[in-house]
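>>> Structure for this input, please:
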Amino acid sequence: MRRLTWCLLAMTAIVLASCGGKEGPLDVTLQFELHAPPDGPAYVSGTTTLPAAAILAVSLDEQRPGGATHSVDCTVERDGTFRSRPLQDGPASPGEYVVSVVMPVALRQPEEVQRRIGAEGEHLTGPAVVEGPFGKIVRVEQPVRIGGPDAADAQRRRAAEDVIKLESLLDEIEGMQAEIERVAAGFDPKVPPAQNPVWQEFAKGLVSRVQDLDQRLAAVETSTRSSAVRGAFESALRTYRHIERADVEAFRMEIRQALPARERGRQSLAEIRAYAGLPPRAAEEFDRPRERSAAGPPGPPPVPAPPE
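Model (predicted):
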């Protein structure tokens, strides 16, 4: 029994000796560089004292109203280097950006990394370490310019071109809602959509127009599609896509509930307009799509309710 006890103590000592150096403070350094070739996608590479297999979040944020954020994850190699995957499909557009590299909280890290940095990152030290609500993280940010000295001007010109296209697309969505209201007003709400051939025909045409609008929206540079603008389109288009199977009255209510998202989109587009140096849109311009739809041909005749 005594011999077994001594063996267990010896094994414990060996384990503690092998792990002892891994629980002390870890002084974090992290340096990186953005690579933005003119004929290929941008990526980030760098070196760090963080342990191998640590997960890093790399992002490229365009510094303007409605600017896009492109993010990818990567891991630290055994030699302390890291390299992100491409941040975009093609070359990054000229302009002002901020590159950030973040090591998220320990809970997102592999077990071997957690053992070194601590369950809540408590072993991490250094100027790059930030205290967060769920433990310490590592964050380093760096402003960069892609392109020459006129990069910021090119960024504004691109924003001006895109915001005009997006406003036109949002006008179409506004016009669609006015058209739906006009057409739906001529239907008997007691008639189910499946028994309403006129509504079905109208709905199929609207779905086809939504698909076309989707394609044109995707063609507009994604850097101008801020979260508010994107929400304005998605809230409406998501609703319009299921118009064929929707109850007419419920559908009208649903598209009205999407109004706040579209209003936020309008505000975001106004901010992009101001950044691009364009004058604000006149209030009457917002009513033109509705007026055009309201002035269209009268809606179809009511479909009689089925006999009871």
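
>>> can you pull out the helices in the stretch 1-150 of the chain?
Counting by DSSP state H, counting those that start in this stretch, the segments of the stretch 1-150 of the chain that form helices are 2-19, 111-117.

>>> Going by mean pLDDT, which of those helices comes out lowest?
Per-stretch mean pLDDT for the helices of the stretch 1-150 of the chain is lowest at helix 2-19 (a mean of 41).

>>> Could you double-check that residue 148 lies in contact with residue 94?
Yes: contact criterion Cβ atoms under 8 Å: residue 148 and residue 94 qualify, at 7.4 Å. In this view, the C-beta of every residue, glycine as well, is placed from N, C-alpha and C.

>>> More neighbours: those two, which one.
Comparing residue 148 with residue 94 by other Cβ atoms under 10 Å, the one with more neighbours is residue 94, at 20 against 8.

>>> How about the contacts made by the nearest residue to the more buried one once chain neighbours are set aside?
Distances taken as Cβ to Cβ, 6 or more residues apart in numbering place residue 147 nearest to residue 94, at 2.9 Å, with adjacent residues excluded. Taking Cβ atoms under 8 Å, 6 or more residues apart in numbering, we find residue 147 in contact with 93, 94, 95, 154.

>>> With residue 219 as the reference, measure out to the third one.
The span separating residue 95 from residue 219 equals 20 Å under the rule Cβ to Cβ, to the nearest Å.

>>> Between the two, which is the more surrounded one?
Each of residue 95 and residue 219 has its neighbours counted (other Cβ under 10 Å); residue 95 has more, 22 against 9.

>>> In which helix or strand does the residue lying closest to the more buried one once chain neighbours are set aside reside?
Nearest non-adjacent residue to residue 95, counting by Cβ to Cβ, 6+ apart: residue 155, 3.4 Å away. Residue 155 is part of helix 151-184, with elements assigned from DSSP states H and E.

>>> Rounded mean pLDDT for that helix, please.
Helix 151-184 shows a mean pLDDT of 87.

>>> Tell me how far it lies from the chain's centre.
Centroid separation for helix 151-184 versus its chain: 19 Å, with Cα atoms, centre = their mean, to the nearest Å.

>>> Quick one: list the elements packing against it.
Judged by 3 or more Cβ pairs under 8 Å, 6 or more residues apart in numbering; DSSP states H and E, the packing partners of helix 151-184 are strand 95-103, helix 197-219, helix 227-241, helix 248-257, helix 259-276, helix 283-294.

>>> Start and end of stretch 117-130, how far apart?
Terminal residues of stretch 117-130 are spaced 13 Å apart (Cα to Cα, to the nearest Å).

>>> Can you list the buried residues in it?
Of the residues in stretch 117-130, 117, 118, 120, 121, 123, 124, 128, 129 count as buried by neighbour count, 16 or more other Cβ atoms under 10 Å.

>>> Narrow those to those in strands?
Judged by DSSP state E, the subset of the buried residues of stretch 117-130 located in strands is 124, 129.

>>> For the buried residues of stretch 117-130, give me CSV that also has distance to residue 37.
Output for the buried residues of stretch 117-130, formatted as CSV (distance: Cβ to Cβ, whole Å):
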residue, distance to residue 37
117, 34
118, 39
120, 39
121, 35
123, 38
124, 33
128, 27
129, 32
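
>>> Which two among the buried residues of stretch 117-130 are spaced furthest apart?
Across the buried residues of stretch 117-130, no pair lies farther apart than 120 and 128, at 16.7 Å, counting by Cβ to Cβ.

>>> And the nearest residue to residue 30 once chain neighbours are set aside, how far from residue 138?
Spatial nearest neighbour of residue 30, excluding adjacent residues (Cβ to Cβ, 6+ apart): residue 48 at 4.3 Å. Residue 48 sits 8 Å away from residue 138, going by Cβ to Cβ.
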